[in-house]
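next comes the sequence, and after it the predicted model I'd like to discuss.
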Amino acid sequence: WLWLSGRLLMGVGHEPLPPTLGRNLFGRQVYQLPGLFAYAKHIIKIDGKSGLFNGLAPNLVARTIGTVVQRKVLQFYEKGFIFVIYLLVYTFVLSVFTQNKLYLSTLQTTKEMIARSCATIVTHPFHVITLRCMVQFIGREAKYSGVFDSIITVYREEGILGFFAGLIPHLVGDVLSLWICNLLAHLINTYAIDDSVNEIKNCSQAVTGFFASMLTYPFLLVSNLMAVNNCGLAGGLPPYAAVYPTWLDCWSHLSREGNMSRGNSLFFRKLPAGKTYAIEQKRFF
């Protein structure tokens, strides 16, 4: 949870601690930003240890509901009318491409994609609340204090659409990450690893998952920023943060500023090139 909280706050650009002079792997002196553990110590100093768990309750709700929805969708695949269509297509294509592992992997990934997308859509409102509970740390606010109170606050101020802020990049990132992970794992397991080495095959899934998450991180970052954008919290309003009409505007702005990977690294963090640290606002410009 510390990893998730620190990554979000770094991603939105909150830098409560100034850069310090250190050395890189080659021994050269460089200005570095505090890593995750220094960030955590700062949060504990301000809010105590409980501050590390802001947003945990809605996140647990989201994970529980997401697991149930994903499992139910997969069951619906097997028992519902979708399974009939799936079986017909499967039988036809399999007759053409007998024992084609790539096809089977693609079919399985499609099933997972639909199930995961449904879970993401259903749980995104709780994801939004989770992020806003964390971002409150920036402005020392208490606008979102609980799951039910937060639901009422979002609905009263933004309506139903407020619960789905940042949904599109969230969905796109999830789908791309799933396909990249599964297809890379298929290629590695098929062409690079012997069928008898099951342990290495299991590890390859974890490695490809990590690689896929790095490639799709910009979508996660944009989704997080849009979830807190212009929501009434200091961390999502000027002068601390820009207001974006759409997620594409947010993407374009981050791309121009060279901030597409902001928050992706939690330990070896370099001073952004060409940026000036603003002490009062605790961020770079």
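Everything's here; your move.

quick check: the gap between the closest residue to residue 227 other than its chain neighbours and residue 250.
Nearest non-adjacent residue to residue 227, counting by C-beta to C-beta, 6 or more residues apart in numbering: residue 166, 4.0 Å away. Heads up, the C-betas are built off the backbone N, CA and C, glycines and all. According to C-beta to C-beta, to the nearest Å, residue 166 stands 9 Å off from residue 250.

touching both of these two, which residues are there?
222, 225, 226, 229 (C-beta atoms under 8 Å, 6 or more residues apart in numbering).

possible to save the residues you listed as JSON lines with distance to residue 44?
Formatted as JSON lines, these follow (distance: C-beta to C-beta, whole Å):
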{"residue": "222", "distance to residue 44": "29"}
{"residue": "225", "distance to residue 44": "25"}
{"residue": "226", "distance to residue 44": "29"}
{"residue": "229", "distance to residue 44": "28"}
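
now those residues as a markdown table including neighbour count, secondary structure and pLDDT?
Output for the shared contacts of residue 166 and residue 250, formatted as a markdown table (neighbours: other C-beta atoms under 10 Å; DSSP: H, G, I helix; E, B strand; the rest coil; pLDDT from 0 to 100):
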| residue | neighbour count | secondary structure | pLDDT |
| --- | --- | --- | --- |
| 222 | 29 | helix | 95 |
| 225 | 30 | helix | 94 |
| 226 | 26 | helix | 95 |
| 229 | 23 | coil | 94 |
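
residue 231 touches residue 163, doesn't it?
No. Judged on C-beta atoms under 8 Å, residue 231 makes no contact with residue 163 at a distance of 11.3 Å.

with neighbour numbers in mind, choose between the two.
Between residue 231 and residue 163, counting by other C-beta atoms under 10 Å, residue 231 is the more crowded of the two (22 against 18).

and the shared contacts of residue 166 and residue 250, which two are the farthest apart?
222 and 229 (9.8 Å; C-beta to C-beta).

and for the two, which residues touch both?
Joint contacts of residue 222 and residue 229 (C-beta under 8 Å, 6+ apart) are 166, 250.

quick one, strands of this protein?
Using DSSP state E, the strands of the chain run over 20-23, 29-33, 269-270, 277-278, 283-284.

highest average neighbour count across those strands?
strand 283-284 (a mean of 19; mean count of other C-beta atoms under 10 Å).

ok, it: who's next to it in the sheet?
Paired with strand 283-284 in the same sheet, following DSSP bridges, are strand 277-278 (antiparallel).

show residues contacting the strand it pairs with.
15, 18, 19, 283, 284, 285.

okay, those in TSV with distance to residue 211 and pLDDT next?
Below are the contacts of strand 277-278 laid out as TSV (distance: C-beta to C-beta, whole Å; pLDDT from 0 to 100):
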residue	distance to residue 211	pLDDT
15	27	83
18	33	80
19	29	80
283	29	74
284	28	74
285	32	73
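
all good on my end, thank you.
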